[in-house]
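**Q** return a 3D structure for these sequence lines:
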Amino acid sequence: DGGLIVPGSAPTFSILLGWALLRERPRNRALIGSALAGAGILAIFAAAGGLGDALPGRRLGDLLYLAGGSMWGVFNVLARGLQGRVHPLPANAYAAGVGLAVLVPVALLTEGPAGFSSLTPATLLEAAYLAVFATVLLLWANVRGVERLGVARAAPFAYLAPLAAVVGGVLVLGERISGLELLGGSLALAGTWIATTSAALRWPHPGRPRVVLEAGS
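**A** Now for the predicted structure:
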């Protein structure tokens, strides 16, 4: 459940940092949608028991996850700042290579050589998927999205990650979904749509002019 903090906080950090550093003022609907989606992620987090454990070690872990969300926000701002100067795919391949160079010594220090000798074919397959799809291609798609949409409009798509995890748990692992998780997922979907769509939102009122929230607001 702590892993929900990264995708749940990264859009907020991205929007605020983009506003402060890149002068990309977020639209009103981006702020409204992000707040709604954030509430949905908080509901999923609560359903997973994330609000019940107040042990110091748990709270330290939550703070580290929150720091990870802020780093993702910095990444989005840097990706926007490098727009047009560095091609996304080789840039992310280099970043993955640097990450590997950092992680291998850390793994050797913490796990020792025995951690590598116990690798199974299934573990290697999982690592390959993580490297190719969940690292290089994921970051490439993210950078392309930030380039095309801007930080404030692209960042809220991260809210879909926890929702995808919940749906995957139901479909693949046969896990049961609670009412609170269903509510949180609905809020996350609605908030992401509001924050990212360019269509106007209209609320008809009988006998009154329709209220419209334009795409640029």
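
**Q** contacts for stretch 20-38, please.
**A** Applying Cβ atoms under 8 Å, 6 or more residues apart in numbering, the external contacts of stretch 20-38 come out as 8, 11-12, 15, 18-19, 77, 80-81, 150-153, 155-156, 159, 187-196, 201, 213, 215-217. C-betas here are computed from N, CA, C, even on glycine.

**Q** for this protein, what spans make up the helices?
**A** Counting by DSSP state H, one finds helices in the chain at the ranges 5-21, 28-47, 56-81, 88-111, 114-117, 121-131, 138-149, 151-154, 160-173, 179-196.

**Q** could I get the average pLDDT for the fourth one?
**A** Per-region confidence: helix 88-111 scores 82 on mean pLDDT.

**Q** I'd like to check the angle between it and helix 138-149, please.
**A** 140 degrees (axes from the mean of the first three to the mean of the last three Cα atoms, to 10 degrees).

**Q** re earlier: give me the buried subset of the contacts of stretch 20-38.
**A** 8, 11-12, 15, 18-19, 77, 80, 150-153, 155-156, 159, 187-189, 191-196, 201, 213 (16 or more other Cβ atoms under 10 Å).

**Q** now the closest residue to Val74 other than its chain neighbours: how far from Gln83?
**A** In this structure, Val74 finds its nearest non-sequential neighbour in Leu17, 6.5 Å apart by Cβ to Cβ, 6 or more residues apart in numbering. Distance, Leu17 to Gln83, using Cβ to Cβ, to the nearest Å: 15 Å.

**Q** what of Arg25?
**A** For Arg25, the distance to Gln83 - Cβ to Cβ - is 17 Å.

**Q** residues in contact with Val170?
**A** Arg176, Ile177.

**Q** quick check: pLDDT value at the residue lying closest to Pro162 once chain neighbours are set aside.
**A** Setting aside the residues directly before and after it, Pro162 is nearest to Leu4 in space (Cβ to Cβ, 6+ apart), at 4.8 Å. Listed pLDDT for Leu4 reads 72.

**Q** just for the chain, where's the confidence low?
**A** By pLDDT under 70, the low-scoring segments of the chain are 1-3, 50-58, 84, 198-217.

**Q** if we go to 80?
**A** 1-5, 44-45, 47-59, 61-62, 81-96, 113-119, 162-163, 166, 198-217 (pLDDT under 80).

**Q** how many other residues sit next to Met71?
**A** Met71 sits with 13 neighbouring residues when counted by other Cβ atoms under 10 Å.

**Q** again with the one 4 residues further on
**A** Per other Cβ under 10 Å, the neighbour tally for Phe75 reads 19.
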